[in-house]
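A.B. asks: With the input below, show me the fold.
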Amino acid sequence: MFRKFLCFCLMLLGFIAIHAQSVNWGADGNTYYKIEDGAIVKYTLPQHSKAVLVPANRLTPSGSTQPIEVRSFVVSKDESKVLIYNNTRQVWREDTRGDYWVLDLASGRLQQLGKGKPEASLMFAKLSPDNTKVAYVSEYNLYVEDLASGAIKALTTDGNRKNINGTFDWAYEEEFFCRDGFRWAPDSKKIAYWKIIAGDTKVYNMVNNTDSIYPKLIPIEYPVAGEKPSVFKIGVVSLSDAKTQWMNIADDAVWGSYVPRMEWAGNTSELIVQHLNRRQNESNLMLCNAASGAVQTIYTEKDSAWIDIVANWDQDYTNGGWDWLNGGKEFLWPAEKNGWRHLYRVSRDGKKETLITKGKYDVMDIAAIDEKGGYLYFHASPENATQKYLYRTKLNGAGNAERLTPADYPGTNSYNLSPGATYAVHSFSNYYTHPSVEWITVADHKPIGEGIKMDAATTAKAQSNVEFITVTTEDGVQMDAWMAKPANFDASKKYPVVFYVYTEPWGQTVKDSYGAGRNFLYKGDMAKDGYIYVSIDSRGTPVPKGRTWRKALYKNIGILNIHDQAMAAKALLKQYPYLDGERTAVWGWSGGGSTTLNLMFQFPEIYKTGIAVAAVGNQRTYDNIYQERYSGIPQQDETPYIKGSPVTHAKNLKGNLLYIHGTGDDNVHYNNAEMLFNELIKYNRQFQMMSYPNRSHSIAEGEGTSAHLQTLYTNYLRQYCPPGAK
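C.D. replies: Numbering: from 1, shown residues only. I've put the predicted structure just below:
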């Protein structure tokens, strides 16, 4: 729910350009590749010496005068071939459909893959391990293409919108990050893949009213909470005869289940699969015999709330990968069994496990595994949940973790480590320091070339109007918050306060990074206009404060987080007399829109004005993977859905409400808006609304849309929560 909104916010704030995760590393760990002036160049560290790997003129197809525009590329490990992706199209969240080309570096031959297939229809093309073939998905089927002959072979032939081979339906992609749905075997002779059967999944029909005289239906297979998931199958197809052996993974005939992760198990004869039950509170890791389909469960984990799959907290794993150690005899696995998210070294049969990361802290994500050097690198922040640092610990579990980020980088630090963990790109920012990037040697954290300059940090901190604080409620709950104060602040006067909220399991708003305290929807300068801007991370938000903090929200979305936010606001209004309790506003997007509605309805004595964007008004309308993970299956207990949904409490509205939604939102559907409107109308609760025709969850499409939205937001806030000191 949150991801599309988050990317939109970051683009508006302007710091997506500095991103440590964008390095295209060479296999040796000492080199990386870039596109420069249409050419593919290779840099060698530590000197940053540059060599042109592919001149721009070699990227011009035969019969054309223009080189292809490269969106992304992969260089084979032996540097014999380059796989190039371009002419891309968006599929739900990302541009995962387009054209692919292969350049043979020895011969100079540039060939387009999938000739005869529709333009921009290829997905997830991958070179085989022996670099002789490429596999890809096109129009729901899986194909393999021989590079020498150009021959294309269909490995599946039954694909369609309801019968999906090698990729996924909407819900798997949105909530499990599953997009690329096939894996090459190490011997290049077989491919393992997902089949998603959505034949019984109900269709949500969106309506496009703007692109033609007659409305057009846009159907999406979208299983809402309470609906059985799409059926999965895991198969291994042989390239020689295109026959598939299906794995004998038992699905639950009544409730259904999920397989969010599947990889080859460090050899060519077995797969390893993660199988989740419908409630997502039991995870079974299974070894599957690729030849027979026989399955053996080797590792089981249970939780009274839910179990996060790796990609849900470490997005480097969204395109696959399994961390095998000791020649395939062990693997790395996360668990929260001791109250913190830690990493364990598990034997192949699942009978032995060793805790690697130790202490009262959460592993935020895995940065690198250097088995040769004997180290695991990860991000964590044991002392301050709003910040992020690089740590390393011994892979054998001996000793405690050591922090590698120096003390003079307080804030948010991210690292992209090279294979072998010799070099890294270090990106840094905090609330008063612009994002900066440097290349470093990892062991000593020394810059290669020009490092990050912190000369002006002290002055910038003193001049910042943002302050990080801790709020303690009457329930004794401590929460992190930031407060951005007005220009020329006078503590003897009263100022309007605007709360920015999200509060669900996919959003941390209180981060010590650049942009904290900035309202991207406000057209102008809130500080100069005389607003105090505040955000608070309540229980259930994905901050590194341990399992109990995060999973307190189980069956409590729209209940506990709403109570925490309201009690925190109450405490702040009491603690700081300059906050004007008569001019108190709240706003949020997506899950934050839902929170805004619930705060306005459940605590009308605190929040006088609200602006809700793309909100879930009725939790039963949202997809089953997300909502059931956190609220349970409604057929077993519907109480959390009723108590947590804004429609239940709409009759209590007293203040000023502006509701905004895109009618083309495929994520939080527009029927949420109309269900909520019906409740407000029923009880004669007056409100204002704005629907953006055919706009998606980001409400970013179309000329002038963003400016219109910002103007609407700003004018409403100024009218109903007037700025300035009193």
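A.B. asks: what about I84, which helix or strand?
C.D. replies: I84 is part of strand 81-91 when elements are defined by DSSP states H and E.
A.B. asks: Of all the residues in that strand, which ones are buried?
C.D. replies: Within strand 81-91, the residues that count as buried by 16 or more other Cβ atoms under 10 Å are K81, V82, L83, I84, Y85, N86, N87, T88, V91. For every residue, glycine as well, the C-beta is placed using N, CA and C.
A.B. asks: Quick check: the fourth one vs N131, distance?
C.D. replies: Spelled out, that is I84. 15 Å (Cβ to Cβ, to the nearest Å).
A.B. asks: one step back: closest to F601 out of the buried residues of strand 81-91?
C.D. replies: Using Cβ to Cβ, V91 is the member of the buried residues of strand 81-91 that sits closest to F601, with 36.1 Å.
A.B. asks: how long is stretch 357-367 from one end to the other?
C.D. replies: The straight-line separation of the ends of stretch 357-367 (Cα to Cα, to the nearest Å) is 13 Å.
A.B. asks: Can you tell me what sits against that stretch?
C.D. replies: Here stretch 357-367 makes contact (Cβ atoms under 8 Å, 6 or more residues apart in numbering) with 313-317, 323, 332, 334, 340-343, 376-382, 388, 390, 393, 397, 400-401, 415-417, 544-546.
A.B. asks: I'd like the average pLDDT over it.
C.D. replies: Across stretch 357-367, pLDDT averages out at 96.
A.B. asks: what about that stretch, distance to the chain center?
C.D. replies: 19 Å (Cα atoms, centre = their mean, to the nearest Å).
A.B. asks: And for stretch 407-414?
C.D. replies: Relative to its parent chain, stretch 407-414 has a centroid offset of 22 Å by Cα atoms, centre = their mean.
A.B. asks: Which parts of this structure are helices?
C.D. replies: Using DSSP state H, the helices found in the chain span residues 3-13, 170-176, 310-313, 457-463, 526-529, 547-551, 560-575, 591-602, 624-631, 639-644, 646-649, 671-682, 705-720.
A.B. asks: so can I have JSON lines of those showing mean neighbour count?
C.D. replies: Formatted as JSON lines, these follow (neighbours: other Cβ atoms under 10 Å):
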{"stretch": "helix 3-13", "mean neighbour count": "18"}
{"stretch": "helix 170-176", "mean neighbour count": "23"}
{"stretch": "helix 310-313", "mean neighbour count": "20"}
{"stretch": "helix 457-463", "mean neighbour count": "12"}
{"stretch": "helix 526-529", "mean neighbour count": "18"}
{"stretch": "helix 547-551", "mean neighbour count": "19"}
{"stretch": "helix 560-575", "mean neighbour count": "21"}
{"stretch": "helix 591-602", "mean neighbour count": "29"}
{"stretch": "helix 624-631", "mean neighbour count": "25"}
{"stretch": "helix 639-644", "mean neighbour count": "19"}
{"stretch": "helix 646-649", "mean neighbour count": "23"}
{"stretch": "helix 671-682", "mean neighbour count": "18"}
{"stretch": "helix 705-720", "mean neighbour count": "17"}
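A.B. asks: Would you state the predicted confidence (pLDDT) at F2?
C.D. replies: Here, the pLDDT recorded for F2 equals 44.
A.B. asks: tell me which helix or strand of the protein sits lowest on mean pLDDT?
C.D. replies: Sorting the helices and strands of the chain by mean pLDDT, DSSP states H and E puts helix 3-13 at the bottom, at a mean of 42.
A.B. asks: about what we covered before: strand partners (parallel or antiparallel) of the strand holding I84?
C.D. replies: The strands that strand 81-91 pairs with in its sheet are strand 72-75 (antiparallel), strand 94-104 (antiparallel) (by DSSP bridges).
A.B. asks: what's the average pLDDT for the shortest one?
C.D. replies: For strand 72-75, the per-residue pLDDT values average out at 96.
A.B. asks: cool, the longest one as well?
C.D. replies: Strand 94-104 shows a mean pLDDT of 95 in the predicted model.
A.B. asks: what does stretch 671-681 rub up against?
C.D. replies: Applying Cβ under 8 Å, 6+ apart, the set of residues contacting stretch 671-681 is 597, 615-618, 621, 646-647, 650-651, 653, 657, 659, 661, 686-687, 689, 691.
A.B. asks: From the residues you listed, which land in strands?
C.D. replies: Among the contacts of stretch 671-681, DSSP state E puts L657, Y659, H661, M689, S691 in strands.
A.B. asks: Show me the one in those that has more neighbours than the rest.
C.D. replies: Within the ones in strands among the contacts of stretch 671-681, H661 tops the neighbour count with 27 neighbours, counted by other Cβ atoms under 10 Å.
A.B. asks: That one contacts S696, doesn't it?
C.D. replies: No: at 10.7 Å, H661 does not count as touching S696 under the criterion of Cβ atoms under 8 Å.
A.B. asks: List the contacts of the closest residue to H649 other than its chain neighbours.
C.D. replies: With Cβ to Cβ, 6 or more residues apart in numbering as the measure, F601 is the residue that lies nearest to H649, at 3.7 Å, once sequence neighbours are left out. Neighbour list for F601: P646, H649, A650, K651, N652, L653 [criterion: Cβ under 8 Å, 6+ apart].
A.B. asks: and with 10 Å instead?
C.D. replies: F601 makes contact with 562, 607, 610, 646-655, 657, 676, 679-680, 685, according to Cβ atoms under 10 Å, 6 or more residues apart in numbering.
A.B. asks: got it, and I249?
C.D. replies: By Cβ under 10 Å, 6+ apart, the contact set of I249 is 232-234, 257, 259, 262, 271, 273, 275, 284, 286, 288, 293, 295, 297.
A.B. asks: Closest one of these to A225?
C.D. replies: S257 (15.9 Å).
A.B. asks: Roughly how far does the closest one sit from P223?
C.D. replies: To P223, S257 is 13 Å away according to Cβ to Cβ.
A.B. asks: shared neighbours of these two, which are they?
C.D. replies: P229.
A.B. asks: Let me have the strands paired with strand 81-91 in a markdown table, adding mean neighbour count as columns.
C.D. replies: Converted to a markdown table, the strands paired with strand 81-91 look like this (neighbours: other Cβ under 10 Å):
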| stretch | mean neighbour count |
| --- | --- |
| strand 72-75 | 18 |
| strand 94-104 | 19 |
